[in-house]
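Enquirer: Fold the following and give me the result.
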Amino acid sequence: MRTARFISFALDVLSVAEGQGEIVKVEPYEKPGTNAKPCGIKVTTTGGVLYLKVVRTTSPGGDKFDEPEQLPYPDYPVPTENLREQASTL
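Expert: As a prediction, the model looks like this:
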């Protein structure tokens, strides 16, 4: 999973907790002065800020980043529809 797609997925999952408990805001962030966009996820809480940095690596055969991402299971369902209800039971 490439970085941008992972961050999009993680934002969808983490945004469920936004406004509940101590999590105030969840948003992507970029490290100033770099070309690595996006760079991670910023989670603002009532007590501070948490920066979740996302890094990438490729398999020994390499991934061609100038080509579209090849999804091994493009039709695999990602269970994100009931996250808010599931989070409220934790």
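Enquirer: Sketch out the low-pLDDT regions of this structure for me.
Expert: Across the chain, the ranges flagged by pLDDT under 70 are 31-38, 73-90.
Enquirer: Let me know the helix or strand that the residue in it sticking out farthest from the centre is in.
Expert: When distances to the mean C-alpha position of the chain are computed (C-alpha atoms, centre = their mean), the maximum falls on Gly61, with 25.0 Å. When elements are assigned from DSSP states H and E, Gly61 belongs to no helix and no strand.
Enquirer: Next one: it from Lys53, what distance?
Expert: Distance, Gly61 to Lys53, using C-beta to C-beta, to the nearest Å: 25 Å. To be clear about C-beta, it is placed using only N, CA and C from the backbone, and glycine gets the same treatment.
Enquirer: Glu22 now?
Expert: Going from Glu22 to Lys53 by C-beta to C-beta gives 21 Å.
Enquirer: and what of Asp12?
Expert: Relative to Lys53, and taking C-beta to C-beta, Asp12 is found at 19 Å.
Enquirer: For these two, indicate the residue with more neighbours.
Expert: Set side by side, Asp12 and Lys53 show unequal neighbour counts under other C-beta atoms under 10 Å, the larger going to Asp12 at 13 against 10.
Enquirer: mind saving the C-alpha coords of the longest helix along the chain as PDB?
Expert: Longest among the helix segments of the chain by residue count, using DSSP state H, is helix 3-14. In PDB, the C-alpha atoms belonging to helix 3-14 read as follows (Å, rounded to 0.1, in the frame of the first residue of the first chain):
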ATOM      1  CA  THR A   3       1.900   6.100   1.500                       C
ATOM      2  CA  ALA A   4      -0.800   8.400   0.200                       C
ATOM      3  CA  ARG A   5      -3.400   5.600   0.100                       C
ATOM      4  CA  PHE A   6      -2.400   4.300   3.600                       C
ATOM      5  CA  ILE A   7      -2.800   7.800   5.000                       C
ATOM      6  CA  SER A   8      -6.200   8.200   3.400                       C
ATOM      7  CA  PHE A   9      -7.200   4.900   5.000                       C
ATOM      8  CA  ALA A  10      -5.800   5.700   8.400                       C
ATOM      9  CA  LEU A  11      -7.500   9.100   8.400                       C
ATOM     10  CA  ASP A  12     -10.800   7.400   7.700                       C
ATOM     11  CA  VAL A  13     -10.300   5.000  10.600                       C
ATOM     12  CA  LEU A  14      -8.900   7.600  13.100                       C
END
